[in-house]
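> sharing a model that was predicted from the sequence below.
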Amino acid sequence: MPYQRVIYHAPLEELNEDISLLLGLHAGDGWLSDKWGISCGQDDASMFLKVMELVRNVLGVEPIKPVKCPAGRAVMIRSGQPQALAFFRNYGFPQGRKAGIVGVPKQIFDSKDEGIIKAFLCGLFSTDGCFSFQTNRGPRVEIQVKSKDLRDGFVDLAGRIGFKFRSYEYLPPNGKNKSPLKVAYTTQSKQVIRWMEEVGSIKDAHILRYKKWKMLNDRS
């Protein structure tokens, strides 16, 4: 059955937490060309449903039927509707390659609403973040991005709501990266717990790993 272009309503205009969450997701892992799109891990079923919901409620369109990425275990959610493309352009996101130049939208920076700040951080962390732990080192929350502006913007916003992230750069020894990755992280257990409880992630793998750490930690 051919894809039916469905438009439910015009994109939401007044910045709210759903918009902020979608902007954070896009800043981390979205792309904008003749279509808008974002990928979700095939095992991140709840995240997939949440992104589909955001596309319908925020952008006001029905996504193109999701397809598996040519390589890797991911599913692409896409829309070619002009109103979806214009939505992200209106928040300052460029069309074409953005990884090294993307930053936090000005509208997010200007907001004094902690809910909006947390939602953007959650979206970015859900795509470019990692929750990890080792029994002899404790838990760690971090993001790795190609854009210094995005990393520094993340640290700035997190600082406004009481988090202290350290930052550094490194060049992976393997892979196709020819420029250093920009990292922000914290290993302070109280901050990590507060981050996962108050900011959190919509990525299933993050949530499951955190629950596992909590279970192991409660036993010790």
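It's in.
> how about the helices in the chain?
With DSSP state H as the criterion, the chain has helices at 17-29, 45-54, 82-90, 106-110, 114-128, 148-160, 189-194, 204-219.
> longest strand in the protein, please.
strand 138-145 (DSSP state E).
> strand partners of that one, parallel vs antiparallel please.
The strands beside strand 138-145 in its sheet (DSSP bridges) come out as strand 129-134 (antiparallel), strand 181-186 (antiparallel).
> out of these, which gets nearest to Asp218?
strand 129-134 (13.3 Å; Cβ to Cβ). (Each C-beta comes from the backbone N, C-alpha and C, glycine too.)
> that closest one relative to helix 114-128, how many degrees between them?
With axes from the mean of the first three to the mean of the last three Cα atoms, to 10 degrees as the basis, strand 129-134 and helix 114-128 are set at 70 degrees to each other.
> sorry, back to before: for Lys35, which of the helices of the chain is the nearest?
helix 82-90 (7.6 Å).
> that older thread, from the chain's centroid, how far away is the longest strand of the chain?
14 Å (Cα atoms, centre = their mean, to the nearest Å).
> on that earlier part again, among the strands paired with strand 138-145, which is the most enclosed?
strand 181-186 (a mean of 20; mean count of other Cβ atoms under 10 Å).
> now do that one, average pLDDT.
Mean per-residue pLDDT for strand 181-186: 96.
> then stretch 61-72?
Averaged across stretch 61-72, pLDDT comes to 81.
> same question for it: list its buried residues.
Across stretch 61-72, burial judged by 16 or more other Cβ atoms under 10 Å covers 61-64.
> can you tell me which of those residues is closest to Asp34?
Taking the buried residues of stretch 61-72 together and measuring to Asp34 by Cβ to Cβ, the closest member is Ile64, at 12.1 Å.
> contacting residues for that closest one?
3, 35, 78-80 (Cβ atoms under 8 Å, 6 or more residues apart in numbering).
> just the ones of the residues you listed in strands?
Going by DSSP E, the strands hold 78-79 from those.
> let's have the contacts of Ile64 in CSV, adding distance to Ser179.
Formatted as CSV, the contacts of Ile64 follow (distance: Cβ to Cβ, whole Å):
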residue, distance to Ser179
Tyr3, 37
Lys35, 26
Arg78, 27
Ser79, 30
Gly80, 30
